[in-house]
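Engineer: got a sequence here, can you build the structure:
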Amino acid sequence: MNTFYKYIVFSALVLMPVSGFAEANCDDLPSCTSIGFIYSSSECGSLSKLKCPFGNYYFCSKSACTQVSLNTTTEYCTAYCSDTPSMCISKSYKSCSTTCSNGLFCSSNSVGKLHEAGSTISSSSSNYITGKHYLYGDITQTSPTYFQNAQIYSARKSYPLNCSSGTMYPKLKANSVYLSGSNNTFEVNVDFGNIEYDSQYNAWNASFNGKENKLNITFRASTLTSNFIPLNFGGGSEATSKVCISVESNGAVSQMNPLTLSIYTNGTVKYYAKSSYFSVNCIGNGSCVSDGTVCNYF
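Structural biologist: Numbers count the residues shown, from 1 in each chain. Predicted structure coming up:
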């Protein structure tokens, strides 16, 4: 017999003579709290409880369960306490999938969109890729791809306990890329065959935080509102990047208006300009090295 039911029997035996004695001698009945009935019904909740015979107080059992903390974004409950059904006592990590049965990337979970290896991130000039996207493996794009304030992450690097078998630094390869906005971030390796940059119509600011990046940038401008291209490489001291620049400006870039490539990096960036009137401003603790062979990679 457990403690709770022993207490019930004990209370019944104790209260019977007390009640009879109080009735025979016209004494006041004992208070509920003085004999252990100290909780309200709501305080007991779903626990087993016994009501005080003299008032609206209860004695309730104590749950033997231990609650676990639950991150509802990445985890789901696998077992609940029998005494307190709302109490989670065991949990597991959501799977690295788009299913809405404990899938991390279910649309209702609002984490972002998952892209399997070999899939595509479709877009058009009127439908830019925006928001958060997670790559499970390498992706190759053959059609033009448009990004606007998009964040591209590695699923495994972002959620290692959910996506443990994914690629740590997947590669996003695209033949033709258009960027707009000031918040494009690539936390994956990129291989962009050509990025269109127009200081008048399509200026952009982007961060490339993979371990190996290849960027072929075409600068186009008939008139200049800015001749400054900022590039941010944040993959760490082990990161290597190759940047090839060509200029098609109809004379907008000249000795009087040179093009400036500003590179912030803690790793190694090899660059080459296939045009004249070009300068590099290297910022950070890394190195920027002029290397004519980098354009051979595209």
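Engineer: the closest residue to residue 289 other than its chain neighbours: how many residues sit nearby?
Structural biologist: Distances taken as Cβ to Cβ, 6 or more residues apart in numbering place residue 270 nearest to residue 289, at 5.1 Å, with adjacent residues excluded. C-betas here are computed from N, CA, C, even on glycine. Each residue near residue 270 was counted by other Cβ atoms under 10 Å, and the total is 19.
Engineer: could you point out which element follows the helix or strand hosting residue 194?
Structural biologist: Here residue 194 sits within strand 189-197, counting by DSSP states H and E. Using DSSP H and E, the helix or strand that follows strand 189-197 in sequence is strand 204-208.
Engineer: please work out which residues outside that next one touch it.
Structural biologist: If you take Cβ atoms under 8 Å, 6 or more residues apart in numbering as the criterion, strand 204-208 is touched by 179-186, 190, 197, 215, 230-235, 241.
Engineer: and stretch 108-124, by the same measure?
Structural biologist: Contacts to stretch 108-124, defined as Cβ under 8 Å, 6+ apart, come from residues 73, 94, 96-98, 100, 103-105, 129, 131-141, 143, 145-147, 151, 153, 155, 167, 170, 172.
Engineer: equivalent analysis for stretch 155-168, please.
Structural biologist: The contact list for stretch 155-168, computed with Cβ under 8 Å, 6+ apart, reads 74, 93-96, 104, 114, 117, 134-138, 154, 169, 187.
Engineer: please enumerate the helices of this protein.
Structural biologist: 3-25, 41-44, 155-158 (DSSP state H).
Engineer: circling back to that earlier point, what sits against the residue nearest to residue 289?
Structural biologist: So residue 270 contacts 240-243, 289-291, 294 (Cβ under 8 Å, 6+ apart).
Engineer: determine which two of the residues you listed are furthest apart.
Structural biologist: Distance extremes for these: the farthest pair is 240 and 290 at 15.0 Å, using Cβ to Cβ.
Engineer: give me the more crowded residue out of the two.
Structural biologist: Neighbours per residue, other Cβ under 10 Å: of residue 240 and residue 290, the larger number sits with residue 240, 17 against 10.
Engineer: gap between that one and residue 289?
Structural biologist: 10 Å (Cβ to Cβ, to the nearest Å).
Engineer: any regions of the stretch 1-150 of the chain where pLDDT drops low?
Structural biologist: 1-27, 62-63 (pLDDT under 70).
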